[in-house]
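**Student:** Dropping the sequence and predicted coords here.
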Amino acid sequence: MLVAFGGISDLLTMTIRNRVAILLVAGFCILALATGLPMQAWGLHALGMAVFFVPCFVFFAFNWMGGGDVKFISAIALWIGFTPELAAFAVLVAIYGMVLTIGMLLMRQKLIVPTVLFQQDWFARLHDSKSGIPYGVAIAIAGLQIYSHTAWFKLIG
């Protein structure tokens, strides 16, 4: 639910609050402790998080990515861990991000937009070419899709 909330929040407000990433990390820690996750596995999950955090932080430093997106994608990567699913997550984020970006560019040129949407504040914000792309949407969709392939999902299934 937190992942879906983060994506929707980014779409509507162009912001992913810190508490979303904090709660994702805290939830991981609670579940890992409750299930007796071995220390080596903790390390692999932390490595998965670092694999995303380091390059995304560089993207943030160059103003190519928002800080909320960096924390959000890193927290999701913590749940996935350093597994083959992490590579699939990266590919899906890239694909969905590309589709989202192309859609936003077309929308901003008014090529595919119903006029009733322009009356909504959140849509006007999205339509503004200075506002950036709500990449949290692509991150959330990829995270929700990959989650069903993780060990956590198999644990409860």
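**Tutor:** Okay, I see it.
**Student:** tell me which residues in the helix or strand bottoming out on mean pLDDT in the chain are buried?
**Tutor:** None of the helices or strands of the chain scores lower by mean pLDDT, DSSP states H and E than helix 121-127, at a mean of 76. Buried residues in helix 121-127, counted by 16 or more other Cβ atoms under 10 Å: Phe123, Leu126, His127. The C-beta positions use only the backbone N, C-alpha and C, and glycine is treated the same way.
**Student:** One more: stretch 2-16?
**Tutor:** So stretch 2-16, judged by 16+ other Cβ under 10 Å, has buried residues Leu2, Val3, Gly6, Gly7, Ser9, Asp10, Leu11, Met14, Ile16.
**Student:** Filter those residues down to the ones in strands?
**Tutor:** The strands, defined by DSSP state E, take in nothing from these.
**Student:** Quick one: the residues you listed as CSV, columns for distance to Ala46 too.
**Tutor:** As requested, the buried residues of stretch 2-16 are exported to CSV (distance: Cβ to Cβ, whole Å):
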residue, distance to Ala46
Leu2, 19
Val3, 19
Gly6, 20
Gly7, 24
Ser9, 25
Asp10, 25
Leu11, 29
Met14, 29
Ile16, 21
